[in-house]
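>>> coords please:
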Amino acid sequence: MGGRITRDDVAHVARLARLRLTDDELERFTEQLGAILDHAADVAALDTTDVPPTAHPLPLRNVLRDDVVVAPLDRDEVLAQAPAVEDGRIRVPRIISEAP
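Down below sits the predicted model:
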């Protein structure tokens with residue numbers, strides 16, 4: 001996009017995401033996204049020459065439990081609990097329509 005974000009930029013992204021935005025929402029989101037990009041530019045302009053690269057701001061080790069292999073769920077039991085099944089699969093409502 002380059003430069004300041006415009007109302008047209010926000011409308012374009014909303015269309016791609018299949019969102020319907022009101023004029024007020026377009027205006028508000030344009031201002032908010034512009035402020036976010038301004039803050040990101042401020043951070044990008046900082047001199048980080050003497051700052052070591054980090055993956056996390058705190059010196060933590062992996063605190064997650066080890067992965068444990070367990071038996072998978074029984075397919076028939078899962079399908080029996082589904083609200084709708086078709087051809088041996090869980091049927092879900094369509095949430096994305098065909099492209100215009």
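>>> measure the residue nearest the centre of the chain to Arg94 for me?
Centroid-nearest residue in the chain, with Cα atoms, centre = their mean: Ala17, separated by 11.1 Å. Applying Cβ to Cβ, to the nearest Å, the value for Ala17 to Arg94 is 17 Å. Backbone N, C-alpha and C define where each C-beta goes, glycine included.
>>> low-confidence ranges, the chain, go.
Within the chain, the set of residues satisfying pLDDT under 70 comprises 1-3, 99-100.
>>> which parts of it are strands?
85-86, 89-90 (DSSP state E).
>>> which strands border the first one, and is each parallel or antiparallel?
If I follow you right, that is strand 85-86. If you go by DSSP bridges, strand 85-86 pairs up with strand 89-90 (antiparallel).
>>> contacts for the strand it pairs with, please.
Strand 89-90 is contacted from outside by 78-79, 82, 84, using Cβ atoms under 8 Å, 6 or more residues apart in numbering.
>>> burial count for Ile5?
Using other Cβ atoms under 10 Å, Ile5 has 20 neighbouring residues.
>>> against which helices or strands is the helix ranked longest in the chain packed?
In the chain, with assignment by DSSP state H, the single longest helix is helix 23-44. Using 3 or more Cβ pairs under 8 Å, 6 or more residues apart in numbering; DSSP states H and E as the contact test, the elements touching helix 23-44 are helix 7-16.
>>> now the helix it packs on against helix 23-44, angle please.
Angle, helix 7-16 to helix 23-44, by axes from the mean of the first three to the mean of the last three Cα atoms, to 10 degrees: 110 degrees.
>>> okay, buried residues for helix 7-16 please.
Residues of helix 7-16 classed as buried by neighbour count (16 or more other Cβ atoms under 10 Å): 9-10.
>>> alpha carbons only: can I get that helix in PDB?
C-alpha atoms of helix 7-16 as PDB (Å, rounded to 0.1, in the frame of the first residue of the first chain):
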ATOM      1  CA  ARG A   7     -10.400   4.900   3.100                       C
ATOM      2  CA  ASP A   8     -10.200   3.000  -0.300                       C
ATOM      3  CA  ASP A   9      -7.500   0.700   1.200                       C
ATOM      4  CA  VAL A  10      -9.700  -0.200   4.100                       C
ATOM      5  CA  ALA A  11     -12.700  -0.700   1.800                       C
ATOM      6  CA  HIS A  12     -10.600  -3.000  -0.400                       C
ATOM      7  CA  VAL A  13      -9.400  -5.100   2.600                       C
ATOM      8  CA  ALA A  14     -13.000  -5.300   3.900                       C
ATOM      9  CA  ARG A  15     -14.200  -6.600   0.500                       C
ATOM     10  CA  LEU A  16     -11.400  -9.200   0.400                       C
END
